[in-house]
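Participant: Everything below, folded, please.
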Amino acid sequence: MRKIKYLLALCISLTVLSGPVLQAEQASPVNTTIEALKDAGVGVLNDGILDVSATQAAQLLKDNPNIKVLDVRTGWEYNRGHIAGAVQINYYSLGFKKAVDALDKNTTWLVHCKTGVRSGNTLPFMKEAGFKSVIHMDGGFDSWRAAKLPVSTAE
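Facilitator: Residues are numbered from 1 along each chain as shown. Got it, this is the predicted structure:
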């Protein structure tokens with residue numbers, strides 16, 4: 001049983017290595033704050049994190065090109081379809097927290113995974129790490145697909 005757990009952890013780690021090579025872009029701070037979005041009637045503010053639906057997320061990305069997308073799914077999931085321009089960091093990778101911590105904390109990040117569990121677990125870490133503006137897409141990428149929003153397989 002112990003060998004199986006080790007092999008599973010190794011496979012997950014290798015998925016990270018075989019996924020797309022990503023560099024954390026240093027973006028300029030955005031003018032769109034979580035408070036401004038909430039005041040505009042977008043989403044629900046929960047403990048400093050703005051929760052939005054997939055359709056609200058798509059509109060925010062369209063209206064605010066400075067918002068960056070953080071996809072915390074595996075490389076395999078990402079390669080099967082993702083939001084265009086998303087930065088992908090595998091939640092299961094051993095260096096996950098270090099990679100997320102290296103992202104620009106002054107950028108507004110829209111965080112998602114497949115259904116919302118992994119991204120939901122990422123939010124407290126991002127808040128503790130000092131990220132200034134974080135948006136969480138409820139329902140994850142499954143809700144994005146269900147809403148028939150654009151999916152990219154390139155990049």
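
Participant: rest of the way, CA atoms for contacts and neighbours
Facilitator: Fine.

Participant: Now Thr55: closest residue in space, sequence neighbours ignored.
Facilitator: Ala147 (6.9 Å; Cα to Cα, 6 or more residues apart in numbering).

Participant: these two touch, right, that neighbour and Ala57?
Facilitator: No. Counting by Cα atoms under 8 Å, Ala147 stays clear of Ala57, with 11.1 Å between them.

Participant: For Arg37, the count of nearby residues, please.
Facilitator: Actually, residue 37 is Leu rather than Arg. 16 (other Cα atoms under 10 Å).

Participant: same question but for Thr107, I mixed them up
Facilitator: When neighbours are counted by other Cα under 10 Å, Thr107 comes out with 23.

Participant: Would you agree it is in contact with Ile67?
Facilitator: Yes. Counting by Cα under 8 Å, Thr107 touches Ile67, with 6.9 Å between them.

Participant: Ala147 and Ala57: which has the busier surroundings?
Facilitator: Neighbour tally, Ala147 and Ala57, criterion other Cα under 10 Å: the higher count belongs to Ala57, 22 against 13.

Participant: Could you list the alpha-carbon positions for the helix or strand encompassing the more buried one in PDB?
Facilitator: Applying DSSP states H and E as the criterion places Ala57 in helix 54-63. C-alpha atoms of helix 54-63 as PDB (Å, rounded to 0.1, in the frame of the first residue of the first chain):
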ATOM      1  CA  ALA A  54     -18.700  31.400 -14.400                       C
ATOM      2  CA  THR A  55     -20.700  33.900 -16.400                       C
ATOM      3  CA  GLN A  56     -19.700  36.700 -14.100                       C
ATOM      4  CA  ALA A  57     -16.100  35.600 -14.300                       C
ATOM      5  CA  ALA A  58     -16.200  35.600 -18.100                       C
ATOM      6  CA  GLN A  59     -17.700  39.200 -18.100                       C
ATOM      7  CA  LEU A  60     -15.000  40.300 -15.600                       C
ATOM      8  CA  LEU A  61     -12.200  39.000 -17.800                       C
ATOM      9  CA  LYS A  62     -13.800  40.600 -20.800                       C
ATOM     10  CA  ASP A  63     -14.200  44.000 -19.100                       C
END
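
Participant: I'd like the mean pLDDT over it, please.
Facilitator: Mean pLDDT, helix 54-63: 96.
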